[in-house]
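*Asks:* Fold the stuff below for me.
(one chain, ligands or ions: 1)
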Amino acid sequence: MRPGDPGTISVRLKDRVAVVTGAGSGIGRALAVRFAQEGAHVCCADVNLATAIETADIVRSHGPSAIAVEVDVRSQAQVQAMVDQTESELGLPWVCVANAGISGRGSILDVTVEDWEAVIGVNLTGALFTMQAGARAMVRGGKGGRLIALSSVAADWAGKGSLGYATTKAAVRHMTRNIAQQVAEYGITANSLGPAAAISNMAPWMKSVEYLEQLGRTIPVRRVGRAEDVANVAAFLASDEADYVTGGYYLVDGGIGDSPEVRMLLAEAGRRGARG
Ligand SMILES: NC(=O)c1ccc[n+]([C@@H]2O[C@H](COP(=O)([O-])OP(=O)(O)OC[C@H]3O[C@@H](n4cnc5c(N)ncnc54)[C@H](O)[C@@H]3O)[C@@H](O)[C@H]2O)c1
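*Replies:* Next up, the predicted model:
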């Protein structure tokens, strides 16, 4: 039995408070549920309120409290309001995850201003606003905390997929490392995660059984990723055990690393408008 499996007792976040953006789907939902399984009360925030409400219901089914908040992470005011509401209804945030993300379109020859600004706005500026609002509350609260941002294996790859997506994920990784230095003195850690091929709801190729089987065969651990794989690492980073872990970037990629075979497959998916 592993932490998080049904029936296990693992309450490393008992009565702590977590904020997760993009909590209505995929990795964000898995994070919210996993934090709840660890005993945390969760603010489930998403631009899609209906899905955030669904996630909040799942969180409550595990025992802790939850609120569902509609937020567009591109708006600093909305993100600040999300954290303020969390504090007044659930308590001081202990962990704040900048998870909301979108895939981008376009290469150097054809990217439009609209496509570029959309992906920068959600993936990079949205991550900044989320960690900023979280850090401000944590510093004011004086009890430390945990900032976690979703980067991607795409941060390191010079693939032919989305230019904007890869750029934002590299920037998120660096920004988080920089933030870690700034908040360390307040007992706050900041780390980023680099998932790959974790099945979620966004990319069309993630729905193709045939493609996923092909991809799974090329990945060293011989399966595609699950959102829960990412949540397992986040649960550790959010725990007291990770007190001395900050400024890092952690791959959750089944050993893909620089595997040319897998990169080729994911780049192909990227060309079709998905992301890795
Ligand atoms: N799934 C993977 O393999 C993978 C790999 C690398 C990185 N990631 C990163 O993980 C994070 C989660 O992705 P996912 O795969 O679960 O995707 P997903 O599409 O399933 O979930 C993304 C969520 O973000 C929300 N969102 C989009 N724009 C928003 C905005 N402006 N404000 C608030 N919420 C917004 C969506 O409504 C959705 O619920 C993203 O940052 C993504 O880049 C995922």
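*Asks:* Not counting sequence-adjacent ones, nearest residue to the single nearest residue of the stretch 51-200 of the chain relative to the ligand?
*Replies:* As assessed by CB to the nearest ligand atom, the ligand sits closest to Gly101 within the stretch 51-200 of the chain, at 2.3 Å. (Each C-beta comes from the backbone N, C-alpha and C, glycine too.) What sits nearest to Gly101 in space, not counting adjacent residues and going by CB to CB, 6 or more residues apart in numbering, is Asn123, at 5.0 Å.
*Asks:* is it true that the one you found touches Asn99?
*Replies:* No - using CB atoms under 8 Å, Asn123 is not in contact with Asn99; the gap is 10.3 Å.
*Asks:* now the strands for this structure?
*Replies:* 17-21, 41-46, 66-70, 95-98, 145-150, 188-195, 249-252 (DSSP state E).
*Asks:* Now those in CSV, please, with extra columns for distance to Val59, mean pLDDT and mean neighbour count.
*Replies:* As requested, the strands of the chain are exported to CSV (distance: least, CB to CB, whole Å; pLDDT from 0 to 100; neighbours: other CB atoms under 10 Å):
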stretch, distance to Val59, mean pLDDT, mean neighbour count
strand 17-21, 9, 99, 31
strand 41-46, 5, 98, 30
strand 66-70, 4, 98, 21
strand 95-98, 14, 99, 31
strand 145-150, 17, 98, 27
strand 188-195, 20, 98, 26
strand 249-252, 22, 97, 18
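*Asks:* Tabulate the ones you listed (JSON lines), appending distance to Asp156.
*Replies:* Formatted as JSON lines, the strands of the chain follow (distance: least, CB to CB, whole Å):
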{"stretch": "strand 17-21", "distance to Asp156": "23"}
{"stretch": "strand 41-46", "distance to Asp156": "28"}
{"stretch": "strand 66-70", "distance to Asp156": "33"}
{"stretch": "strand 95-98", "distance to Asp156": "19"}
{"stretch": "strand 145-150", "distance to Asp156": "15"}
{"stretch": "strand 188-195", "distance to Asp156": "8"}
{"stretch": "strand 249-252", "distance to Asp156": "9"}
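*Asks:* export the ones you listed to JSON lines and tack on distance to the ligand?
*Replies:* Output for the strands of the chain, formatted as JSON lines (distance: least, CB to the nearest ligand atom, whole Å):
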{"stretch": "strand 17-21", "distance to the ligand": "5"}
{"stretch": "strand 41-46", "distance to the ligand": "5"}
{"stretch": "strand 66-70", "distance to the ligand": "9"}
{"stretch": "strand 95-98", "distance to the ligand": "8"}
{"stretch": "strand 145-150", "distance to the ligand": "4"}
{"stretch": "strand 188-195", "distance to the ligand": "4"}
{"stretch": "strand 249-252", "distance to the ligand": "8"}
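*Asks:* All good on my end, thank you.
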